[in-house]
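*Asks:* need a structure here:
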Amino acid sequence: MMKKLSVIVAACVAFAAPVARAQDAAPRQLHVAPLVGAYVPTGDQRDDLEDALLVGLQLSYDVHPYVAVVGTFGWAPTEVKGLAEDLDLFQYDLGVQGQYPVALSNGVTLKPFVGAGLGARTYSFRDLDDVDAETDLAGYFSAGGAVLYRGVEVALTARDYLTDFDGVGAEGDSSTRNDLSLFASVGYAF
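*Replies:* Got it, this is the predicted structure:
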């Protein structure tokens with residue numbers, strides 16, 4: 001019985017090794033994708049800032065078929081409630097994404113993903129030169145999905161951001177704020 005089990009285990013290992021090597025030998029993929037969507041403040045952040053358009057650029061690199069490193073830059077031209085002043089919100093972060101590519105028919109691949117990352121967010125008044133910009137730590141959790149076909153990737157992403165917040169335009173007590181970034185991207189994989 002033990003001999004048969006050893007033969008079965010050895011056969012499984014011998015079969016899995018070429019598959020693992022084939023996955024390791026898969027070409028690394030760099031994805032470049034402009035993005036557009038919405039910045040949606042929630043909780044206490046909603047008391048201070050308006051919803052806004054979100055535009056930006058996302059770069060990702062598949063270090064493994066199931067893992068990617070993702071860098072994102074986004075800009076949301078929002079407004080401070082009560083002040084009627086335009087505020088440029090810049091966010092930039094670097095994260096890790098777990099993904100599960102599934103080959104569908106005719107060369108189409110579906111890739112659901114989840115991720116997490118850290119970065120920063122800068123709040124800068126557009127027309128108030130006497131107020132310094134403020135930059136705070138930001139972190140996110142994300143979920144979404146992408147469809148790939150012949151190097152073109154269309155993706156939908158939802159990110160839940162937690163940020164340190166010291167006030168906009170005037171130093172206040174530091175607090176943690178929450179908001180969402182919901183965006184679509186169309187990019188190309190090299």
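*Asks:* Mind listing what's buried along the strand or helix carrying Tyr140?
*Replies:* Assessed by DSSP states H and E, Tyr140 sits inside strand 134-149. Residues of strand 134-149 classed as buried under the neighbour-count rule (16 or more other Cβ atoms under 10 Å) are 134, 136, 138-140, 142, 144, 146, 148. All C-beta atoms are positioned from the backbone trio N, CA, C, and that covers glycine.
*Asks:* and that strand, which strands flank it?
*Replies:* Partners of strand 134-149 in the sheet, by DSSP bridges, are strand 108-125 (antiparallel), strand 152-165 (antiparallel).
*Asks:* So which of those strands is nearest Leu180?
*Replies:* strand 152-165 (5.9 Å; Cβ to Cβ).
*Asks:* That closest one: which residues count as buried?
*Replies:* By neighbour count, with 16+ other Cβ under 10 Å as the criterion, the buried positions of strand 152-165 are 153, 155, 157, 159, 161, 163-165.
*Asks:* rewinding a little: output the strands paired with strand 134-149 as a markdown table; include the columns mean pLDDT and distance to Pro77.
*Replies:* Listed next are these as a markdown table, based on pLDDT from 0 to 100; distance: least, Cβ to Cβ, whole Å:
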| stretch | mean pLDDT | distance to Pro77 |
| --- | --- | --- |
| strand 108-125 | 95 | 11 |
| strand 152-165 | 94 | 17 |
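*Asks:* Can you lay out the ones you listed as CSV showing distance to Leu57?
*Replies:* Output for these, formatted as CSV (distance: least, Cβ to Cβ, whole Å):
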stretch, distance to Leu57
strand 108-125, 14
strand 152-165, 13
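*Asks:* right, so of these, which gets closest to Thr176?
*Replies:* The closest approach between Thr176 and any of the strands paired with strand 134-149, judged by Cβ to Cβ, belongs to strand 152-165 at 5.8 Å.
*Asks:* Return the distance of that closest one from the chain's centre.
*Replies:* Distance, stretch centre to chain centre, for strand 152-165: 5 Å (Cα atoms, centre = their mean, to the nearest Å).
*Asks:* Now do Arg28, the pLDDT please.
*Replies:* In the prediction, the pLDDT value recorded for Arg28 is 62.
*Asks:* Could I get the full set of strands for this structure?
*Replies:* Shown for the chain, the strands assigned by DSSP state E span residues 29-42, 52-64, 67-80, 85-99, 102-103, 108-125, 134-149, 152-165, 175-189.
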